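Visitor: Provide a 3D model corresponding to the input given below.
(2 chains)
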Protein chains: 2
Amino acid sequence: MKTVKVGICGLGTVGGGTLNVLQRNATEIARRIGTRIEVVHVAARSVNPQCDTTGITVTDNALEVVANPEVEVVVELIGGDSVAREVVMAAIDQGKHVVTANKALLAVHGNEIFARARDKGVMVGYEAAVAGGIPVIKAIREGLAGNRINWLAGIINGTGNFILTEMREHGRAFTDVLKEAQTLGYAEADPTFDVEGIDAAHKLTILASIAFGIPLQFDKAYTEGITGLTADDVQYAEVLGYRIKHLGVARRTAEGIELRVHPTLIPAERLIANVNGVMNAVMVNGDAVGSTLYYGAGAGMEPTASAVVADLVDIVRTMDCEPAERVAALAFQADALSDEPVLGIERCETAYYLRIQAKDHPGVLAEVASILSERGINIESIMQKDVEEQDGLIPIVLLTHRVQEARMRDAIVALEALESVMAPVVRIRVEQLD
Amino acid sequence: MKTVKVGICGLGTVGGGTLNVLQRNATEIARRIGTRIEVVHVAARSVNPQCDTTGITVTDNALEVVANPEVEVVVELIGGDSVAREVVMAAIDQGKHVVTANKALLAVHGNEIFARARDKGVMVGYEAAVAGGIPVIKAIREGLAGNRINWLAGIINGTGNFILTEMREHGRAFTDVLKEAQTLGYAEADPTFDVEGIDAAHKLTILASIAFGIPLQFDKAYTEGITGLTADDVQYAEVLGYRIKHLGVARRTAEGIELRVHPTLIPAERLIANVNGVMNAVMVNGDAVGSTLYYGAGAGMEPTASAVVADLVDIVRTMDCEPAERVAALAFQADALSDEPVLGIERCETAYYLRIQAKDHPGVLAEVASILSERGINIESIMQKDVEEQDGLIPIVLLTHRVQEARMRDAIVALEALESVMAPVVRIRVEQLD
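Guide: I've put the predicted structure just below:
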């Protein structure tokens, strides 16, 4: 049986998981592809105690792995974007195929990386970069290849989803849950990447490219975190029949592509509204297939390794093919990428949840309704729940129909100028996802 | 740009959808693969009024399409297993690639068809045969290729799921909902294939083969329908925190493969328990990735066409590759298929829901508990809800721990022999799917 030799750079959580899965399932994988995948060289600052590196060359210099003439595929699991980028580029330059789980690297430098890979006739696999073990890159690039994709929406950050799930299920405050998530190891000491939506925006940037056939444009993604969400809003959303999720949304419109990460109200009966804890899910809507959903573990040692190994299997199977016989890196042929613009958030259109803290006097609801109506914003429903007055204020909570962000901003300025409105208006976007 | 010419046999719902999607999305598909897919020949008894066949040769003889030397890929969407089988075999014999949505054909004749295709070096795509537009064949064959699959469980018949959803949401009786489903066109005039689980067993047979690397063995699948379910059992399941779904389950055990379709209680909080109406979903559990789920429309004109076109795209991309560079037909190399036995249902192991209609006298619960305990069957919980006596009988409703079917059958014989038990014991299998 033929053997393909592989090098792994980085032997942390995902790297260690990849080595373990390749070793444990070596026979099962060979039964599938008729080829053995053997790890011969590993770069690690220290050997992962969960791994057996017997018979494998171990170095602390990733470029040694890349330079090893036996190594035909380089797996980059270092993370970050300085050394990782150098390793990926060096591997490509030496005509080696690459697998990476590095969403930050691809979202920011992907266009350059894929162009270089195309020049050199090598593949760059990145299933593990989005939603961990869920094969959603494959679903969009290949499984839905007959469709014109209309939109996709994903819960693609497990930390954020864990926090929102705890807030909803136990009525807890954001900061309280964040502290617990840090203790449990679900959240980093500096949680900015997760809770501000930057990690999700990296992944969304990749998903949007392969869904619509546009270059990677991370700098155009709009990002809004979940740090400002209150337990009250989570509860009011519930009363209205909705759940709040931190969603990455990419949508194709007549004007261009919407690319945005923000807290979002979703109808409670949608399957994706019921994806809880650290789990991930991505909905993809195509013109032929309608709405589909892909669910699973979005992170972790072996779930992410599952995706890395799937990429290795694809590469090993097609490494002797002509480049045209392989799946295009960004799903579309490089010369067929579209220059549809990514829209600024002010041009995006969603429905809205508004919470307006106002003095409890008879005319205030009429004033609110009038401001919205003057701007062509229709009210979908108003929360009927009796809420106790606090400091003489009651919340007016309502849902609007779809409207362009710019118009909603204008309405909010007018609402906040009302004499009876005593605090900044809380607005959260709403998506029906039907 | 290169063009590949395709023939479609059968222009009904799926065939018509396939032609329409190929025409409408011709540009989007060509942007992806750099090749045009052109339908040049169609076989239909009558032209589908939803289709435009301008410029396409139309015949009523499918073998003419197969024989057309221009046609490089034959799409078989005739259904059934006489003409369809002839068409598929003829196409393979003439060295043409095939795409089919025909689960019955593959579940029963697939081993023969794939062997012939291997001899001739052609591909047979069948994504559309299971769960319509959901790319679950691709997910298992490729996306989870690094895993040893432990089990899978699917709602893979939309008609059955529609009926169960209506029974649960509106407390309706099976026959009542079935009639409505027939009126709506969700169920056939003869609903046997759907409600008795035969259609689901065809699909499950295919899924099990590609998950475990075993030959197709439809004749070994255990099939139990939903016709006997009552609104009471649906309601009692709900009280216990479960939903009843018609599930296809395939599980790898130390003794062999479980392959079974039957009504199943699933914890209500599982995502798959919330898949309603005609929608489909498949859970796949792998040793590395854990549990994943794939959700979407399991039938219909364009959802199924989406899967057919995805197969066409894969075939067009890899038709000039060496056979070893393509994905193996049943996910595993033909010479690596395993002879693990498919277990008879009596050797399968699940938990159970039991409803025992008994005279309301003090000793009966103790008698029931004693019969179960003598056979090593542990009770997990007993329904505490007060139920009105009917004709002097009350239902004892309980859940057991996992036990082999044979032992449960023995217990049921003993339970039914009790003087106070006045009707056959209702037993429904339970799966935790965690």
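Visitor: from here on, contacts and neighbour counts on C-alpha atoms
Guide: Will do.
Visitor: quick one: the helices in chain A, in order.
Guide: With DSSP state H as the definition, chain A shows helices at residue ranges A:13-24, A:26-33, A:62-67, A:83-93, A:103-120, A:136-138, A:158-170, A:174-184, A:192-195, A:198-212, A:231-239, A:301-318, A:364-374, A:405-416.
Visitor: how close does the residue lying farthest from the centre of chain A get to chain B?
Guide: Note on chain A: the largest separation between a C-alpha and the mean C-alpha position, by CA atoms, centre = their mean, falls on A:Pro362 (44.5 Å). Between A:Pro362 and chain B the distance is 41 Å, computed by CA to the nearest CA, to the nearest Å.
Visitor: check A:Pro395 too.
Guide: Using CA to the nearest CA, we find A:Pro395 at a distance of 32 Å from chain B.
Visitor: one more: A:Thr27?
Guide: Computed with CA to the nearest CA, the distance linking A:Thr27 and chain B is 10 Å.
Visitor: ok, now which ones touch that residue?
Guide: Listed by CA atoms under 8 Å, 6 or more residues apart in numbering or on different chains, the contact set of A:Thr27 is empty.
Visitor: quick one: A:Val58 and A:Ala44 touch, right?
Guide: Yes - counting by CA atoms under 8 Å, A:Val58 touches A:Ala44, with 7.1 Å between them.
Visitor: give me the more crowded residue out of these two.
Guide: When A:Val58 and A:Ala44 are compared on other CA atoms under 10 Å in any protein chain shown, the one with more neighbours turns out to be A:Val58, at 22 against 19.
Visitor: beta partners for the nearest residue to the more buried one once chain neighbours are set aside?
Guide: Closest residue to A:Val58 apart from its sequence neighbours, by CA to CA, 6 or more residues apart in numbering or on different chains: A:Val42 at 4.9 Å. Applying DSSP bridges to A:Val42 gives these bridge partners: A:Ile8, A:Val58.
Visitor: does A:Val42 really touch A:Thr59, like I thought?
Guide: Yes - with contact taken as CA under 8 Å, A:Val42 and A:Thr59 are classed as touching, separated by 6.3 Å.
Visitor: do you know how far A:Trp151 is from chain B?
Guide: The gap separating A:Trp151 from chain B is 15 Å, by CA to the nearest CA.
Visitor: list the contacts for that residue?
Guide: A:249-252, A:284-286.
Visitor: now do the same contact list for the spatially closest residue to it that is not a sequence neighbour.
Guide: The shortest distance from A:Trp151 to any residue other than its chain neighbours is 4.2 Å, reached at A:Arg251 (CA to CA, 6+ apart). The neighbours of A:Arg251, taking CA under 8 Å, 6+ apart as the test, are A:150-152, A:257-259.
Visitor: check A:Phe332 too.
Guide: With contacts defined as CA under 8 Å, 6+ apart, A:Phe332 is in contact with A:210, A:213, B:31-33.
Visitor: interface residues of the stretch 51-200 of chain A facing chain B?
Guide: A:133-135, A:138-139, A:142-148 (CA under 8 Å from any CA of the partner chain).
Visitor: make CSV out of those and add neighbour count and pLDDT.
Guide: Formatted as CSV, those follow (neighbours: other CA atoms under 10 Å in any protein chain shown; pLDDT from 0 to 100):
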residue, neighbour count, pLDDT
A:Gly133, 33, 97
A:Ile134, 33, 98
A:Pro135, 28, 98
A:Lys138, 24, 98
A:Ala139, 23, 98
A:Glu142, 22, 98
A:Gly143, 27, 98
A:Leu144, 30, 98
A:Ala145, 28, 98
A:Gly146, 32, 98
A:Asn147, 29, 98
A:Arg148, 22, 98
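Visitor: ok, so of those, who is nearest A:Leu229?
Guide: When those are compared for distance to A:Leu229 (CA to CA), A:Ile134 comes out closest, at 27.9 Å.
Visitor: find the nearest non-adjacent residue to that closest one, please.
Guide: Counting by CA to CA, 6+ apart, A:Ile134 lies nearest to A:Gly296, which is 5.5 Å off, once chain neighbours are set aside.
Visitor: ok, A:Val42 and A:Thr59, which is more surrounded?
Guide: The neighbour comparison of A:Val42 against A:Thr59 (other CA under 10 Å) goes to A:Val42, with 27 against 17.
Visitor: relative to A:Gly79, how far out is that one?
Guide: Summarising the geometry, the distance separating A:Val42 from A:Gly79, computed by CA to CA, to the nearest Å, is 15 Å.
Visitor: next: A:Gly197.
Guide: According to CA to CA, A:Gly197 stands 18 Å off from A:Gly79.
Visitor: of the two, give the one with the bigger neighbour count.
Guide: Legend: neighbour count by other CA under 10 Å for A:Gly197 and A:Gly79, higher for A:Gly197 (27 against 18).
Visitor: for the more buried one, which residues are in contact?
Guide: Taking CA under 8 Å, 6+ apart, we find A:Gly197 in contact with A:223-226, A:246, A:261-262.
Visitor: cool, and A:Gly248?
Guide: Applying CA under 8 Å, 6+ apart to A:Gly248 gives the contacts A:153-156, A:200-201, A:204, A:259-262.
Visitor: just the closest of the residues you listed to B:Pro424, please.
Guide: The shortest distance between B:Pro424 and any of those, using CA to CA, involves A:Ile155 and amounts to 46.8 Å.
Visitor: and that closest one, bridged to which residues?
Guide: Legend: beta-bridge partners of A:Ile155 under DSSP bridges are A:Ala281.
Visitor: distance-wise, check it relative to A:Thr227.
Guide: When distance is defined by CA to CA, A:Ile155 is 16 Å away from A:Thr227.
Visitor: and A:Ala237, by the same measure?
Guide: When distances are taken as CA to CA, A:Ala237 and A:Thr227 turn out to be 17 Å apart.
Visitor: okay, those two: which has more neighbours?
Guide: Applying other CA under 10 Å to A:Ala237 and A:Thr227 shows that A:Ala237 carries more neighbours, namely 24 against 15.
Visitor: contacts only, for that one.
Guide: With contact set as CA under 8 Å, 6+ apart, A:Ala237 has these partners: A:243-244, A:265.
Visitor: tell me the residues of the stretch 251-400 of chain A that contact chain B?
Guide: A:271, A:274-275, A:288-297, A:302-307, A:309-310, A:313-314, A:317-318, A:320-321, A:324-328, A:331-333, A:336-337.
Visitor: residues near A:Asp434, how many?
Guide: 9.
Visitor: nearest residue to it in space, please, no chain neighbours.
Guide: Per CA to CA, 6+ apart, closest to A:Asp434 is A:Ser291, 7.5 Å.
Visitor: is it true that A:Ala145 touches B:Ile29?
Guide: Yes - shown here, A:Ala145 and B:Ile29 form a contact pair, counting by CA under 8 Å, at 6.8 Å.
Visitor: which residues are in contact with each of those two?
Guide: Each of B:Val313 lies in contact with both A:Ala145 and B:Ile29 under the rule CA under 8 Å, 6+ apart.
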